[in-house]
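Participant: return atomic coordinates for the entry below.
(2 chains)
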Amino acid sequence: MSSEAHTNGHGRRLVGVSDPNELGQKVAANEPTPVRDPQTGSRVPGWDDAVDLRKDPASIPDPATTPVPDALRAEIEDLMTRYPDRRSASIPALAAAQRLHGWCSPEAVEQVACVMRLTPGYLIAVAGFYDMLETKPVGRKTVYVCTNISCSLRGGDELLAGLKDELADDPDVNIRGFECLGACDIAPMASIDGVYVGPVDDAEIPTLAQHIRDGADPLPEKQLVKRRSVDPNANERTS
Amino acid sequence: MSANLIFHNIDEPGLNTLEVFQRRGGYGDRLKKALQMPREALVEELKASGLRGRGGAGFSMGMKASFMPKGAMDKYLVCNADESEPGTFKDRELMQKIPHLLIEGMIIGAYAAGANQSFIFIRGEYAQQADILEAAIDEAKAAGLIGKNILGSGFDLQMWVHRGAGAYICGEETALLDALEGKRGNPRLKPPFPANQGLYQGPTLINNVETLATTPFIVEMGGAEYAKIGVQNSTGTKLISISGHVQRPGNYEIELGMKSRDIIYGLAGGPGEGRSVKLWFPGGSSSPVLTGDDLDLSYDFDTLAKAGTMLGSGAIIVADDTTSVVDVALKTAEFYKHESCGKCTPCREGTTWTVKMLQRIKSGEATPMDLDIIASVCERIIGNCLCVLGDAMAMPVGSMVKKFRGEFEEYIEARREESERALLASVGAVA
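Facilitator: Below is the predicted model:
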């Protein structure tokens, strides 16, 4: 088959290589393939962070050569059954792959693309749009601190700075300021792996940082789910 | 003040379970009544209630449902639970504490729209709330309340929770549809409106969480009876989220038409001891700001619109007299700059340049002329984009520059003198 001449031995087509034979040595040595146009764009720092140039982002990965963990495959297939169009599952599927891999790595994106029969290029474009999908390697523990108007009026910026100071040396923690998390009633607040806590006093920042470090339940008595309604009419017994 | 509807005994233990919800009358006679009504009669009932969308636009829910075409085709109901308007957190508490009320409202809404498939698009940050909703949907499915032939009515409905991944723009209905279709969340050109061509090009009814959660009460009470709550054109109760410089921030259920002062001071306790209200956003950070002089306005759609602002999502953010209006303007502008999807030039560039000009003001490089430029940029964004994200920055920032122009000018002058002094000092030090 003629297309075989254009593969690197793993069934994947090479990008930007007109005659793969002349590069055979390099590919065998597992080195990145030269880019089609190194003169434009490719000199920007970080331009190749999230892509593996030996793989074509415009073709659907071959299931025969793309190993996908069974649990991830099952989860994505289940997601796809919910929608009239399987493409709808791309955001939750990428989120599932991110939970497994820690970020939307080229490997993670390729596995999703393989199961969903979409191109990695399409999925990378989707991942790039959404703040919660990480397109660069980050720590596994996610800490979002709200710094929007309501929170900043009550010390959200100071909370972010304080937590960043405490956790600066921990590479496992991905801490970032985030746009309104929808919990202005407990401002200043943070979301630790999806668990909302607040209001966090200055004195509590070291404790919270320690809980994050240890992977413990963050500030249990300050968690949002345990908060009662403040509306005086919400809990009167009328009957 | 009338009794609470949605937040009635909201902290009752186990209210998130089917058992307790059903004991309180959920999925009972009112749902049977709705499903036995002819579809048109239900839509008329919703229209008669005067219920206006609780997400921000305030469009009549019954009218929206009546735009859905008749006939057999794939129609969809989408619940907008993306709640990302800064200052808004009412849907979060509703979904967390009484998820079955939303599900019941969705069954009624879907029946009114003639939709057999429904999705709850919830923002990805609300992971705990999404888990609670999914558990509630599983319970309802097991009890035969979602699926084929609900309560023997012959009406079928599927329901799924779809989690977003952190993008404010997905609260805009057409961007939400794109995100739900698995694309980047860019708004679409309207018309066609979603009621004609929405999700997968099929007719789609999109409603906010609170709007849908109100429909069971409308069916129970009857539209005309529900319309007696509140004031003309702003009927019913509304969940409002109060945050910022108040002593008791949180969600309150009020009857529309209440005095703003009674909400901010009466319910939320107002700013701390010895402080006064300097400015407040009446309906999320997208609404033009009001000042301490506007506290006697009635809190309803029409009065706020007449005052040049809007009720929006019902999120009141209060800033007291210690706050610098420049900081608030910059925070607001930075948020919209970050969240602009970049599709339309006026919004993408307008938000970016507004942030740059406000930063110049902060660093002491600005002149009062910059304020005119900000005002003119804001004017040029409004009405010139596919969606209202750009407007949502231009309106509040424009209103702050207009209402607090004196303070902006003083700030610019003070900062400029400061930076000049610093410059002279550094030159002096060298010489």
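
Participant: where does the stretch 51-200 of chain B have low pLDDT?
Facilitator: By pLDDT under 70, the stretch 51-200 of chain B contains no weakly predicted segment.

Participant: which parts of it are strands?
Facilitator: For the stretch 51-200 of chain B, the strands defined by DSSP state E, counting those that start in this stretch occupy B:76-81, B:117-122, B:158-163.

Participant: output the host helix or strand of residue B:44 as CSV, restricted to C-alpha atoms.
Facilitator: Element membership for residue B:44 (DSSP states H and E) is helix B:39-49. What follows is helix B:39-49 as a C-alpha-only set of coordinates in CSV (Å, rounded to 0.1, in the frame of the first residue of the first chain):
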residue,chain,number,x,y,z
ARG,B,39,-50.4,21.5,25.9
GLU,B,40,-51.8,24.9,24.8
ALA,B,41,-53.7,25.3,28.0
LEU,B,42,-50.5,24.8,30.0
VAL,B,43,-48.7,27.4,27.9
GLU,B,44,-51.7,29.8,28.4
GLU,B,45,-51.4,29.2,32.2
LEU,B,46,-47.7,30.0,32.1
LYS,B,47,-48.4,33.2,30.1
ALA,B,48,-51.2,34.2,32.5
SER,B,49,-48.7,33.9,35.4
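
Participant: next, the buried residues of it.
Facilitator: B:39, B:42, B:43, B:44, B:45, B:46, B:47, B:48, B:49 (16 or more other C-beta atoms under 10 Å in any protein chain shown). No exception for glycine: its C-beta is placed from N, CA and C like everyone else's.

Participant: before we move on, back to that, out of the strands of the stretch 51-200 of chain B, the one nearest chain A is which?
Facilitator: strand B:158-163 (4.6 Å; C-beta to the nearest C-beta).

Participant: top helix in chain B by residue count?
Facilitator: helix B:405-430 (DSSP state H).

Participant: distance from the chain centre to that one, please.
Facilitator: Distance of helix B:405-430 from the chain centroid (C-alpha atoms, centre = their mean, to the nearest Å) equals 40 Å.

Participant: could you list the buried residues of it?
Facilitator: B:408, B:411, B:412, B:415, B:416.

Participant: pLDDT (mean, whole number) over that helix?
Facilitator: Averaged over helix B:405-430, pLDDT sits at 90.

Participant: quick one: the helices in the stretch 301-431 of chain B, in order.
Facilitator: Taking DSSP state H, counting those that start in this stretch as the test, the helices found in the stretch 301-431 of chain B are B:301-306, B:325-339, B:345-363, B:369-381, B:389-403, B:405-430.

Participant: is the third one positioned near chain A?
Facilitator: So the one you mean is helix B:345-363. No. Judged by C-beta under 8 Å from any C-beta of the partner chain, helix B:345-363 stays clear of chain A, getting no closer than 13.2 Å.

Participant: just give me how far that helix sits from the chain centre.
Facilitator: With C-alpha atoms, centre = their mean as the basis, helix B:345-363 stands 25 Å off its chain's centre.

Participant: worst-scoring helix or strand of chain A, pLDDT-wise?
Facilitator: Of all helical and strand segments in chain A, the minimum by mean pLDDT, DSSP states H and E falls on helix A:24-28, at a mean of 43.

Participant: possible to save the buried residues of helix B:39-49 as TSV with pLDDT and distance to residue B:276?
Facilitator: Compiled in TSV, these are given as follows (pLDDT from 0 to 100; distance: C-beta to C-beta, whole Å):
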residue	pLDDT	distance to residue B:276
B:39	95	52
B:42	97	48
B:43	97	47
B:44	97	47
B:45	96	45
B:46	97	42
B:47	97	42
B:48	96	42
B:49	96	38
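
Participant: and the nearest residue in space to residue A:193 that is not next to it in sequence, how many neighbours?
Facilitator: Leaving aside its sequence neighbours, residue A:193 sits nearest to residue A:142 (C-beta to C-beta, 6 or more residues apart in numbering or on different chains; 5.5 Å). The number of residues packed near residue A:142 is 19, by other C-beta atoms under 10 Å in any protein chain shown.
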